[in-house]
Every structure is written in C-alpha cells, then in structure tokens.
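Visitor: below is the structure, and that's it, no one-letter string:
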C-alpha cells in the first residue's frame, strides 16, 4: 500500500512534455484572378467565332464591346430557318385532273429541331390571304377573295420573326396618268417584295405587276414609319405580251439580282431587274426537251442563274455562261438519268409515258440551291439532292401535302441587334 502511494506521488510530480507541433506549411501565393476585361479584342473574337449563332446573339447582349466584336463574327449568309407553304389536298394520279380544293392557311416547316417554331397566329386575318412571296425575312400575301383581274389587290406584309405587320392599300388610280384609258385592258398578275431597308424596322419596297394593253407595268410601294406611298413606272413598251396574260405565274422567283415570272408552256420568262426596274424577256435553252417546256429558273449555290428540267426521266441543268459553244448564253452543266431513282418511289408507274405525265420539277429549292422540288402527281412531292442523287418525300399530314410554291424563309440579315444604325 505504501509502495503504491509512493509510485502515485512520483507520477504526479513528473513534469509533462507538450506534444510536438509541426509548423504550418508556408502559404502558397494565390494566382491573381483575371477578369474578362483583360482579353484583347482578337482573343474575344476567336472565342465568339466558336459559338453557335444563337449563343453568339446572346453574347452580344453582354456589353457594347461584345456587341461590336460579335457583329464582326456573323456569317455572311442569312441563316435558313425553314419553309412556308400552303398545304393542299393530296392529288390524284394521272390522268385525273388536279382540282382546286379548299383554301388552307399557310404553315411553317422548321428546318430542324433547333429552328424556331414560327407561325402566322399573330395575324388572325392572314387566314383570308394566300402567299405570294417570301424575301428578306418578310412574307407578302394577297386576299383569296375573287375580284376582277383589272383591279389591284391590297397586300398584307408580315414579319414572322418579330410579329410586325403592314396592310398596304391598292395603288391609287391617279398614280398612272390617264388611268381610265388602261383600266379596261389591265390584267393584274401579282406582287412581290423588292427590297428591305433595315432589319430593325418594317421599312421595305414592294412591287405590283400588271399588263396594260400589251405591255407590262410595275407599281412600287414604299413603306416606312407606318406610311405607304405608291408610284407607277412608265409602260415597258419595248416588251410586248403577245399572249393571254392568264398564262403568267402569279408569283415570282428571286434569282441573281432579278425577279422572274414563268409563263406556262413558253420557252421564255419575263424578268424585272431589281436595280433598274426594267422589264425584259429571257429565252430558255433551245435544248429543252418536250413541247410543254416544264422547266424552272433559279440560282446555283455560287450565285449563277440556272434552268433545270426533269423531262423524260433525265435531269438537265443549264447555267448562264459566255463560252463559244453556249446555247444562247446557256451552258449544259449537269445531266443525270433519274430512271433508277424514280424506281424507288412506291406505286409509281413503270411505263415511261405515264411517268412523263405525272412528274415535273416545281422549283429549285432557294434554301438549298443544290436541291429540287419534284411533283409526282398522285404520289406526293419530293426533294431531290443533285449532289447525292437522293430522293426524299416531303411529309404529308391529314391527307394534305406541301403546296406550290414552297418558300424558303431566311432570317432578316444582319439581325437588328447587330445591324448598323438606321
């Protein structure tokens, strides 16, 4: 007992040594956090060029510097968003004649899943109009109501991207000197968009085309700040319309800086120069097959004027060119036999005569200029790729298919956010 108490006393009197504490590690100098403002404009430009168009437009909202740099990163060509068209009832196979069915409102087919879903719901009265033209991000429509051909129509102009609209009255009679003289022989053909001044405003020029006597005349509407002013141009007396104006297409084709109106069963088209507003005829290639002249005029991807046909199961494409062996300025650039391509269409007749009666080209795709729209009466409408030779059916829905024409819709360019001040 005494020994254990003695041992406990020694333990209590023993000095305790504190545990060894290691010194804290030296603090590493923290790297300075650099702000985005240290980027040079060249570095910022390299970053913005890697963005998609949608992200680029969002980045442009950051500040004035980013907006200025983003404006220089825009692609030169306006982006294709999709197609506007008016559905029609699925046609019957030949020899049944296509009858004009009920009017269906214009609809929009987006290019892909990332494209915006545009519509004309913001303009309820658009259901009483039909599409005539699509250009510079605007749609031109005229009433479906039947009126005498001597009377001009009012025009509805819509911007589907911004939901802006304008209703243009018909040209006043006093725009043409001695208008009473021409009124009895006037034949209204159609209207189209001529130009657009600025994407941030509904400011544009449209044309109205008619035949007075035996000569074409154009009226020009200038719309700005909610005001519309019409002016008429003199008769194009150097151009003679020596056939029934009924055979003109009511809508035009924009190609290579001009506007073209096809003439049914004719080997020429009527052209209006968008810069000079002068009319002229353009002769189609003499090598066109057949007697019905089923061809369409358009533009190649590199901007050259071209003519295409798919008669006799052969695709032929001519371009304008000045070479010694040209056909009145036309050069046959491509030729492709389509018989095997047509054989893949379910139900299409094997007999060549029946095929020729059922198939014709309706347009060169303005959105993808190396593609054609081909109508197969009773078997749908197709898109044909000139590069791959692939024939793809355009979708049908509820017994309705793509109507003619099919308008490629491009966003007004450049976007209002990045456009120069007006």
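Guide: On my side now, so go ahead. The structure displayed is predicted, hence computed values, not measured ones.

Visitor: helices along the stretch 51-200 of the chain, start to end?
Guide: Applying DSSP state H, counting those that start in this stretch to the stretch 51-200 of the chain gives helices spanning 53-59, 64-71, 179-183.

Visitor: next one: the longest one to chain centre, how far?
Guide: Average the C-alpha atoms of helix 64-71, do the same for its chain, and the two points are 27 Å apart (Cα atoms, centre = their mean, to the nearest Å).

Visitor: out of the helices of the stretch 51-200 of the chain, which one sits most buried?
Guide: Per residue and on average, the most neighbours among the helices of the stretch 51-200 of the chain fall to helix 64-71, with a mean of 16 (mean count of other Cβ atoms under 10 Å). Backbone N, C-alpha and C define where each C-beta goes, glycine included.

Visitor: which outside residues touch that one?
Guide: Helix 64-71 is contacted by residues 41, 44-45, 48, 56-57, 59-61, 414, 417-418 when judged by Cβ atoms under 8 Å, 6 or more residues apart in numbering.

Visitor: counting neighbours, which of those residues comes out on top?
Guide: residue 60 (22 neighbours; other Cβ atoms under 10 Å).

Visitor: element containing the nearest residue in space to residue 194 that is not next to it in sequence?
Guide: Computed as Cβ to Cβ, 6 or more residues apart in numbering, the closest residue to residue 194 that is not its neighbour in sequence is residue 205, at 4.2 Å. Assessed by DSSP states H and E, residue 205 sits inside strand 203-212.

Visitor: ok, that strand: who's next to it in the sheet?
Guide: Its sheet considered, strand 203-212 pairs with strand 187-198 (antiparallel), strand 215-224 (antiparallel) by DSSP bridges.

Visitor: related to what we said a few turns ago, nearest to residue 393, of the helices of the stretch 51-200 of the chain?
Guide: Closest of the helices of the stretch 51-200 of the chain to residue 393 is helix 53-59, at 29.1 Å (criterion: Cβ to Cβ).

Visitor: need the contact list for the nearest residue to residue 251 once chain neighbours are set aside.
Guide: Nearest residue to residue 251 in three dimensions, chain neighbours excluded: residue 132, at 5.2 Å (Cβ to Cβ, 6+ apart). By Cβ under 8 Å, 6+ apart, residue 132 lies in contact with 140-142, 155, 190-192, 250-251.

Visitor: as JSON lines, those residues with pLDDT and distance to residue 218 would be great.
Guide: As requested, the contacts of residue 132 are exported to JSON lines (pLDDT from 0 to 100; distance: Cβ to Cβ, whole Å):
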{"residue": "140", "pLDDT": "97", "distance to residue 218": "14"}
{"residue": "141", "pLDDT": "97", "distance to residue 218": "19"}
{"residue": "142", "pLDDT": "96", "distance to residue 218": "16"}
{"residue": "155", "pLDDT": "97", "distance to residue 218": "14"}
{"residue": "190", "pLDDT": "96", "distance to residue 218": "11"}
{"residue": "191", "pLDDT": "97", "distance to residue 218": "10"}
{"residue": "192", "pLDDT": "97", "distance to residue 218": "10"}
{"residue": "250", "pLDDT": "94", "distance to residue 218": "15"}
{"residue": "251", "pLDDT": "95", "distance to residue 218": "15"}
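
Visitor: nearest to residue 117 among those residues?
Guide: residue 141 (19.8 Å).

Visitor: check the gap between the closest one and residue 187 for me.
Guide: 20 Å (Cβ to Cβ, to the nearest Å).

Visitor: higher neighbour count, those two?
Guide: Set residue 141 next to residue 187 and count neighbours by other Cβ under 10 Å: residue 141 wins out with 25 against 17.

Visitor: many thanks, I have nothing further to ask.
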